[in-house]
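Structure of the sequence below:
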Amino acid sequence: MPCDGTGCNWVYLSCPGSTIGLEYLGDGIIYIARYPNQFFISFDYGETWILLSSIATIHHAISFESLGNNIFLAGFDARHYVYRSIDNCQSWTRATWPATTDPNAILSLNNSLSIIGGNNGAIYRSVNSGLSFSLQQTLGTDSILSLCYLGDGVCLAGTRNTGKLWKSLDYGASWSLMQTLGSINIETISNSASGVCICGTSPSGQLWKSVDNGSTWTLQSSLDNVVSIRKSACISDLVFIVGTVGPQIHGLSDILIWRSGDSGETWTLSDFYLRSWPWMPCLVFCTESLALASTFTNGFLYKTGTPFPPAPIANFLGVPLYGFSPLNVQFTDTSTNNPTSWLWDFGDDLFSLEQNPLHTYTTYGKYTVSLRATNAGGEDLEVKFEYITVLHPPDPDHTYSPLWSIPIGRL
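Reported below is the predicted structural model:
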C-alpha cells in the first residue's frame, strides 16, 4: 500500500548545519541545536534561521530540550556538561551537574521538573527548572538512551544493551522495571494521547508497541533492511513516524522514514531517502499537518505536510454605535491571523456569514453583538455587550418647546 498522509512526502528546506536537536514551541517557532555548540531560531516553520548563541566549549551537544518559560537545557559529552539558558537560547550558564557521565537524554516534565538519563543507569532529577540536578535512582548498570513523558507524572526510560523499559508514576522520583525486550538498545520512545506507545531498537530494527501507557510491550514488526530505529514521533492518535538506518556499505547507510496510520500496526515507507553516514535525522512533531526531520552529517532539514495557520483573534468595529431607529450599522471585521469564515450575531435574532455586513436595527434598545472568526488553525469568539444603542425615533406630530429663553431686549 502506498504511503498517504502527513509523514509521506518530504521537501527540502534550508538549515544551519548538522543538527543535534529540534524543539517546536508553537506558532511556527522552532529552535535547533547545531553541531557542535550553536543554537538557532526560526519563526516561519524552518524556512529561515537566525543564529542566537554559541557555547565556548570544545565538546559538542548530545541532547537538547525546552523546559518552557524561556528555559532550555543542552547536554554535552566528554566533560559531561549540562548548560542552561533562561532567555530562549540567547545566553548560557553551567547547571549544577554532579555526574561524570554523558547526559544522553533530557526530558521536561513541567516548568520546574526535569530529568536526565546518563550512563550506568543513572537518572538525575531537577526540581528547580534545571538549575541543579541530583542523582535520583540507578536503573541497573546500562546507559539510559531514551526518555518519554506520557503526562500525569508518568515517564518511561529505555536502556542500552539489555533492552529494559522502566516506568515512573511520580514524575521520575521512583522507577519500576516493566519489561526486558532482549539484548538490544531502546533508541527511541514516543506516545499518543490515547495511551499507545512505540519504541524503536537497534541493532535489530524492531518496533515494539504498548497499549497501556508502557506497562506491557509486544513486538509489532521488524522493518525491511533496517538495523536501527533511531528516532520516532507521534503526529496524532493514529499516526506515528520513525527514522531508520540501514546496513552500512562502504561507511554509508540508507536513511529512511516510515509512517504508520493505524497506531503502529502497519508501516509504509515514505519518499524520504538519504545516503549518508549512519546518523538518523531528528524528528519533531509540530502540528497534525506538519513534521520536520533534520540530518546530522550534511545538515539538511526536511518538512512534511503544511502547517496550520495560527487561529484567528476575533475583533470588529461598528459604525455608528447609536442612533434613532431604523439604524443602519456597518460592521467591519478587524480580526487578525486571516480568518476564512465569519459568523455574526447582531443580538436581535438575526445573523450573517459575511465578512463586513451592513445591518439595520428596527427596534429601539441595547444590543450585544458577537463575531466568531474561523480558519484552519481554529476559531475565536469576540463578544461586545450592549454595543449598539438604538433610540426611539422622535414623534413628528409633537411640538417641542425650548427649555429656556432670553428676552431680546436683554441681549
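
so who does the nearest residue to Pro247 once chain neighbours are set aside touch?
Counting by CB to CB, 6 or more residues apart in numbering, Pro247 lies nearest to Val227, which is 5.6 Å off, once chain neighbours are set aside. Heads up, the C-betas are built off the backbone N, CA and C, glycines and all. Val227 is in contact with Ser202, Pro203, Ser204, Gly205, Val245, Gly246, Pro247, Ser253, counting by CB atoms under 8 Å, 6 or more residues apart in numbering.

Quick one: mark the members of these that sit in strands.
Ser202, Val245, Ser253 (DSSP state E).

Number of residues surrounding the second one?
So the one you mean is Val245. By the criterion of other CB atoms under 10 Å, Val245 has 25 neighbours.

If it is in a bridge, with which residues?
Counting by DSSP bridges, Val245 forms beta bridges with Ser228, Ile255.

Roughly how far does it sit from Asp77?
Counting by CB to CB, to the nearest Å, the gap from Val245 to Asp77 is 20 Å.

Please apply the same query to the last one.
According to CB to CB, Ser253 stands 22 Å off from Asp77.

ok, the two, which is more surrounded?
Neighbour count, other CB under 10 Å: between Ser253 and Asp77, Ser253 has more, with 23 against 16.

per-residue confidence for that one?
pLDDT recorded at Ser253 is 74.

I'd assumed Arg230 was in contact with it.
No - in this structure Ser253 lies outside contact range of Arg230 using CB atoms under 8 Å: 10.5 Å.

care to break the chain down by domain?
Domain assignment for the chain by automatic domain parsing gives 10-305, 316-391.

List the neighbouring strands of the longest strand anywhere in the chain plus their orientation.
Longest strand in the chain by number of residues (criterion: DSSP E): strand 378-391. Here strand 378-391 has these sheet partners by DSSP bridges: strand 322-324 (parallel), strand 365-375 (antiparallel).

can you list these in a markdown table and add mean pLDDT?
Output for the strands paired with strand 378-391, formatted as a markdown table (pLDDT from 0 to 100):
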| stretch | mean pLDDT |
| --- | --- |
| strand 322-324 | 94 |
| strand 365-375 | 94 |
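
Which among these is found nearest to Asn111?
Comparing the strands paired with strand 378-391 by their distance to Asn111 (CB to CB), the top pick is strand 365-375, with 29.7 Å.

got the contact list for Tyr124?
Taking CB under 8 Å, 6+ apart as the test, what Tyr124 contacts is Trp97, Pro98, Ala99, Pro103, Ile115, Ile116, Gly117, Gly118, Phe133, Ser134, Leu135, Gln136.

For the stretch 251-400 of the chain, which segments count as strands?
Remark: strands assigned in the stretch 251-400 of the chain by DSSP state E, counting those that start in this stretch are 253-260, 268-276, 282-287, 290-294, 301-305, 316-319, 322-324, 327-333, 341-345, 351-352, 358-361, 365-375, 378-391.

Tell me which of those approaches Val211 most closely.
Among those, the nearest to Val211 by CB to CB is strand 253-260 (13.8 Å).

how about low-confidence regions in the stretch 51-200 of the chain?
Applying pLDDT under 70 to the stretch 51-200 of the chain flags the ranges 57-61, 78-79, 99.

where exactly do the strands run in it?
All strands of the stretch 51-200 of the chain, identified by DSSP E, counting those that start in this stretch, fall at 61-68, 71-76, 82-85, 93-94, 105-108, 114-117, 122-126, 134-138, 144-151, 154-159, 164-168, 176-180, 185-191, 197-202.

which other helices and strands contact the last one?
Right, the one you point to is strand 197-202. Packing contacts for strand 197-202, counted by 3 or more CB pairs under 8 Å, 6 or more residues apart in numbering; DSSP states H and E, involve strand 144-151, strand 185-191, strand 206-210, strand 228-234, strand 240-245.

TSV for these, including distance to Asn315?
Below are these laid out as TSV (distance: least, CB to CB, whole Å):
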stretch	distance to Asn315
strand 144-151	34
strand 185-191	38
strand 206-210	46
strand 228-234	35
strand 240-245	38
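
Pick the most buried one from the ones you listed.
Of those, the one with the most neighbours on average (mean count of other CB atoms under 10 Å) is strand 240-245, at a mean of 27.

Now do the same for that strand: mean pLDDT, whole number.
84.

Check the contacts of Val227 for burial and list the buried ones.
Ser202, Ser204, Gly205, Val245, Gly246, Ser253 (16 or more other CB atoms under 10 Å).

Can you name the residues that contact Trp208?
Trp208 makes contacts with Leu181, Ile198, Cys199, Thr201, Trp217, Thr218, Leu219, Gln220, as judged by CB under 8 Å, 6+ apart.

Report the two of these separated the most.
Using CB to CB, the pair of those lying farthest apart is Thr201 and Thr218, separated by 13.3 Å.

Those two: which is more packed in?
Between Thr201 and Thr218, counting by other CB under 10 Å, Thr201 is the more crowded of the two (26 against 9).
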